[in-house]
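Visitor: coordinates for the following, if possible.
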Amino acid sequence: MGQGTPLGAVLERWNQLPRARQLALAGIVAGTIVVLYFVFIASSKPNLVVAYSGLAPEDSAAVADQLESDGVPYEIGGGGSTISVPANQVAEVRIRLAQAGLPKGTAATGLEIFDKTNFGATDFVQQVNYKRGLEGELARSINTLDAVRASRVHVVIPEEAIFKEDQQKTTASILLELKPGAQLTQDQVRGITNLVANSVEGLSTAGVTIIDETGHVLFDGAELDSPFSTGASASQLEIQRQYENQLENDLKQTLGQVVGTGRSAVTVRAQLNFDTVQETKDEFGDEPVVRSNSSVTETYSGTGINVGNVPGTGTNAGTNAGTDAATGDSTYSRTETTTNNEIEKVTTTTLRAPGSVDRLSVSVVLDESVTAAQEANLASAVAAAVGLDQTRGDTLSVTRLPFDPSVKEDLIAATPSGLGQYLDYLKLLLPLLAVVLAFILVTLLLRSLGKRQLSLPMPAHQVAIAGPAMHGAIAQPIHLAALEAPTDPAEEQVVKLAESNPRAVADVVQTWMREEERG
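Guide: Here you go, the predicted structure:
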């Protein structure tokens, strides 16, 4: 390759650099190439997400074969139980595999078991198929939860007895396989319980049992019928602890803004009443209220009425004294009034829900750097924040003690810095930063080579011409106009030698100049 080509000029300039500078530039270029390579690999690799999980080996093999025949990139993980595909093709892949009937074999059988009618099936077979379909539908519904990888449901529906007291209860058992590191909350466990209990006829929550893959009992409905229900007690303790944690967090946040982080400690203990109380109250008014009123009136008038003897001993003895006939007019009148009064009555029924606060105890410890005036004000603020009621026996304790400085430093260090949320943005900016870095490195390299060009020795024919003028002075590169082509064969050989090996010619010329200076 000729010396006048750009690559030859770059190589010549590269040879003029010191050894340390060459190694540094080579390391920078190599690092840039490696970064660009990994950036290219990361950007060219599709973003894979899990399309199927919890697959059996045969299902994973069938799905992988189908994806490979369709030309869809995939990745098998989880020991062969999960298959990941590009995020923008998840829906399309699932629809295409569903049309092909994949995955199959591990899916729970639902009520589609009745799609094919079997006229020869007995009633027992129909009952078994119904139970299988019901269990499969429940398992599918439970598997939609984020924390659940797989589940199995077993339902026992007893035969209908003749007498009610002989009727057995319907029960259900649920086995859950949770995802690695996942846990179910009490609300999720109650949700699964209510889902199963309300989906099976005759099943109550008392007949449901839930366990996980390790055999740990998550819910035992049989304990609900016990007067010492540990399940209910655990739920009540959880509610109580949540209430205490909420008050503690509120107080810590308030005190942290006032006295600073790590200068206060709060403990709250609450005693909640979980008894359900129903009260009925009757109230009677002072004034009676007329409920009904009725009146009956009788009147009679006439003439020539014969009046018999007056009842008495004389009449009974048969004497006719006073039996003279009466010939005068007679009038008869009678009025009867009946009034029913009602006393005003008001009946009030009150149902008190469980969870009321019976007693509250709050303990606040402040650092000794907090003044006494601040302590008194903070005590009032804490009492108002938690709703302290001394009439029901609530207590509040506020003390000042010296805090360990290491604990304060640990609390401050444990405070999240908030830099984690910028990692995703940094990953997106990494390709752009790599390009900018490569551009800066190339610019610095060219600038360094440009500076080195000024210190390069000039061609031999220019040195030979400018040699007599440099006697007694330091040789400097001189740019002359283009010379005519040499006519002397010896001179032509010198020019060719200078073009092919300028370093050697320059060394010879410099040797001549030093010899002349010595002479």
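Visitor: the residue nearest the centre of the chain: what secondary structure?
Guide: Residue closest to the average C-alpha location in the chain (CA atoms, centre = their mean): Asp146, at 9.9 Å. Classification of Asp146 using DSSP: H, G, I helix; E, B strand; the rest coil returns coil.
Visitor: and it, how far from Leu247?
Guide: 30 Å (CB to CB, to the nearest Å). For glycine as for every other residue, the C-beta is placed from the backbone atoms N, C-alpha and C.
Visitor: about what we covered before: pretty sure the residue nearest to the centre of the chain contacts Ala182?
Guide: Yes. Judged on CB atoms under 8 Å, Asp146 makes contact with Ala182 at a distance of 7.5 Å.
Visitor: contacting residues around stretch 127-136?
Guide: Under the contact criterion CB atoms under 8 Å, 6 or more residues apart in numbering, stretch 127-136 has outside partners 108-114, 121, 152-155, 157, 199-200.
Visitor: mind checking which of those residues are in strands?
Guide: 152-155 (DSSP state E).
Visitor: export the residues you listed to JSON lines and append columns for neighbour count and distance to Leu360.
Guide: What follows is these, written out as JSON lines (neighbours: other CB atoms under 10 Å; distance: CB to CB, whole Å):
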{"residue": "Arg152", "neighbour count": "15", "distance to Leu360": "45"}
{"residue": "Val153", "neighbour count": "24", "distance to Leu360": "43"}
{"residue": "His154", "neighbour count": "14", "distance to Leu360": "45"}
{"residue": "Val155", "neighbour count": "21", "distance to Leu360": "45"}
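Visitor: from the residues you listed, pick the one nearest Lys281.
Guide: Among the ones in strands among the contacts of stretch 127-136, Val155 lies closest to Lys281 (CB to CB), at 45.9 Å.
Visitor: can you read off the pLDDT for the closest residue to the closest one other than its chain neighbours?
Guide: Spatial nearest neighbour of Val155, chain neighbours left out: Ala172 (4.8 Å); criterion: CB to CB, 6 or more residues apart in numbering. Looking at Ala172, its pLDDT stands at 94.
Visitor: just checking, what packs against the strand or helix carrying Ala172?
Guide: Using DSSP states H and E, Ala172 maps to strand 171-178. Helices and strands touching strand 171-178, by 3 or more CB pairs under 8 Å, 6 or more residues apart in numbering; DSSP states H and E, are strand 148-156, helix 186-197, strand 208-212.
Visitor: just checking, what packs against the second one?
Guide: In terms of contacts (3+ CB pairs under 8 Å, 6+ apart), helix 186-197 is packed against helix 123-143, strand 171-178, strand 208-212, strand 217-220, helix 230-259.
Visitor: ranking these by mean pLDDT, which is last?
Guide: Of all these, the minimum mean pLDDT falls on helix 230-259 (a mean of 81).
Visitor: what comes up buried for that one?
Guide: For helix 230-259, burial by neighbour count (16 or more other CB atoms under 10 Å) applies to 231, 239-240, 243-244, 247-248, 251, 254-255, 259.
Visitor: again, but for stretch 67-74
Guide: For stretch 67-74, a neighbour-count test (16+ other CB under 10 Å) marks 67, 72, 74 as buried.
Visitor: what is the burial count for the residue nearest to Glu342 when sequence neighbours are not counted?
Guide: Spatially, and ignoring its direct neighbours in sequence, Glu342 is nearest to Arg291 (3.9 Å; CB to CB, 6+ apart). Other residues within reach of Arg291, judged by other CB atoms under 10 Å, total 10.
Visitor: tell me the predicted confidence for the nearest residue to Thr337 once chain neighbours are set aside.
Guide: With CB to CB, 6+ apart as the criterion, Thr337 has its nearest non-adjacent residue at 4.6 Å, and that residue is Ser295. Ser295 carries a pLDDT value of 86.
Visitor: ok, now Ile28?
Guide: With respect to pLDDT, Ile28 has a value of 82.
Visitor: that's all I had, so thanks and see you.
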